[in-house]
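>>> Quick one: sequence and predicted model below, then my questions.
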Amino acid sequence: RKEVEQDPGPFNVPEGATVAFNCTYSNSASQSFFWYRQDCRKEPKLLMSVYSSGNEDGRFTAQLNRASQYISLLIRDSKLSDSATYLCVVSSYKLIFGSGTRLLVRP
Amino acid sequence: GAGVSQSPSNKVTEKGKDVELRCDPISGHTALYWYRQSLGQGLEFLIYFQGNSAPDKSGLPSDRFSAERTGGSVSTLTIQRTQQEDSAVYLCASSLEGARGTGELFFGEGSRLTVL
């Protein structure tokens, strides 16, 4: 079983839609959680950290459920520029990446 | 520039040859990671250096792979007797505090390795 699992997608949604991704992790000792974004043929970049209480950054909301060991990312009012691969990242002491969920936002 | 620098950006080699990939992290960053990404796949963890601690080599796929970090700065990933399945983009990343910090890894643009 992979340490971090994500639905690969693609999620194909119209502009303005709300879309949610989930990610599960296997290491119950994990302490830090993040979402990264990777554009095609580019390096990954940090989108946001994920806190136990849940956190929001503009149109993006991240949540953590430690009991069920999953993390979610919600994107509201999708823009064309949101099209990318979203990588779930989990850390106990080193950062382990999921395989990513691909999002396509169409006009 | 002030970012993570990797070289070469592209490397084409013949099966059986050795290759060296170099990473120059952001100055002052104590943590350095190597990941591998095959086409359309996620990032596969290879190795993690944190300060003066012994590196975590648990992700290296075989004993043909090795890495070192000299003086807590530049790192070299060496692949001996390359195989076609080694073809991938090798990404290096550094961070200020390691995983217990903000978790913000700064990635280089990667070294694309093609083994013929």
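That came in fine, so what should we check first?
>>> from here on, contacts and neighbour counts on C-alpha atoms
Will do.
>>> Now the residue in chain B positioned nearest to chain A. Nearest residue, chain neighbours left out?
When distances are taken as C-alpha to the nearest C-alpha, chain B reaches nearest to chain A at residue B:42, 3.7 Å away. Distance criterion C-alpha to C-alpha, 6 or more residues apart in numbering or on different chains; nearest residue to residue B:42, sequence neighbours excluded, is residue A:99 at 3.7 Å.
>>> Is it correct that the one you found is in contact with residue A:2?
No - contact status for residue A:99 versus residue A:2: not in contact, 9.5 Å apart, counting by C-alpha atoms under 8 Å.
>>> Now do the contacts for the one residue sitting closest to the centre of chain B.
The residue lying closest to the centre of chain B (C-alpha atoms, centre = their mean) is residue B:34, at 3.0 Å. Contacts here follow C-alpha atoms under 8 Å, 6 or more residues apart in numbering or on different chains; on that basis residue B:34 touches B:45, B:46, B:47, B:48, B:90, B:91, B:92, B:93.
>>> Name the nearest residue to it, ignoring sequence neighbours.
Nearest non-adjacent residue to residue B:34, counting by C-alpha to C-alpha, 6+ apart: residue B:92, 4.6 Å away.
>>> Would you agree that neighbour is in contact with residue B:33?
Yes - judged on C-alpha under 8 Å, residue B:92 makes contact with residue B:33 at a distance of 5.6 Å.
>>> Which parts of chain B are strands?
With strands called from DSSP state E, chain B shows them at B:5-7, B:10-13, B:19-24, B:31-37, B:43-50, B:65-69, B:75-79, B:88-95, B:106-107, B:111-115.
>>> can the ones you listed go into JSON lines with extra columns for mean pLDDT?
As requested, the strands of chain B are exported to JSON lines (pLDDT from 0 to 100):
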{"stretch": "strand B:5-7", "mean pLDDT": "97"}
{"stretch": "strand B:10-13", "mean pLDDT": "97"}
{"stretch": "strand B:19-24", "mean pLDDT": "97"}
{"stretch": "strand B:31-37", "mean pLDDT": "95"}
{"stretch": "strand B:43-50", "mean pLDDT": "93"}
{"stretch": "strand B:65-69", "mean pLDDT": "96"}
{"stretch": "strand B:75-79", "mean pLDDT": "98"}
{"stretch": "strand B:88-95", "mean pLDDT": "95"}
{"stretch": "strand B:106-107", "mean pLDDT": "93"}
{"stretch": "strand B:111-115", "mean pLDDT": "97"}
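>>> Any idea which of those strands gets closest to residue A:87?
The closest of those to residue A:87 is strand B:43-50. By C-alpha to C-alpha, the value is 9.0 Å.
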